[in-house]
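[1] Return atomic coordinates for the entry below.
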Amino acid sequence: MNLPSFDAFKAQAQSQGFDEVLERVWAPDQVVGTHTHAFDVSALVVQGEFWLRCGDQTRHIVAGERFELAMGEPHDERYGPGGAVFWVGRRNPRP
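    Numbers count the residues shown, from 1 in each chain. Below you'll find the model as predicted:
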């Protein structure tokens, strides 16, 4: 798997208007119930796997894959037995 460096991911996200870029680490078998975010999301899974459910669709996302979520989009997450790590760009609303 040929992943960019975190710095390259951050630079690309910032060039696309994402004003906050960070690493998220999720515990093995963690479940996050339905919720929304007050920002847009663009992320790259760099380790592990998880299942992302939006509405009636569930997507299995593994290391090397990207996903996006629109601000306010209800979703839930279920992480695999090895947990997961992903880099995420957040585009917060401007005042």
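[2] Now for Ile61: which residues touch it?
    By CB atoms under 8 Å, 6 or more residues apart in numbering, Ile61 lies in contact with 45, 49-52, 67. Heads up, the C-betas are built off the backbone N, CA and C, glycines and all.
[3] Give me the pLDDT for it.
    In this model, Ile61 is scored at 98, pLDDT.
[4] From Gln14, how far off is it?
    From Ile61 across to Gln14, the span is 23 Å (CB to CB, to the nearest Å).
[5] residue closest to the middle of the protein?
    Geometric centre of the chain, nearest residue: Ala43, 3.9 Å, by CA atoms, centre = their mean.
[6] That one contacts Trp87, doesn't it?
    Yes: in this structure, Ala43 is within contact of Trp87 by CB atoms under 8 Å, at 6.4 Å.
[7] Quick check: neighbours shared by those two?
    Counting by CB under 8 Å, 6+ apart, the residues touching both Ala43 and Trp87 are Arg24.
[8] And the helices in the chain?
    Remark: helices assigned in the chain by DSSP state H are 6-15.
[9] Could you give the separation of the longest strand seen in the chain from the chain centroid?
    Counting residues, the longest strand found in the chain (DSSP state E) is strand 75-91. How far strand 75-91 lies from its chain's middle: 5 Å, per CA atoms, centre = their mean, to the nearest Å.
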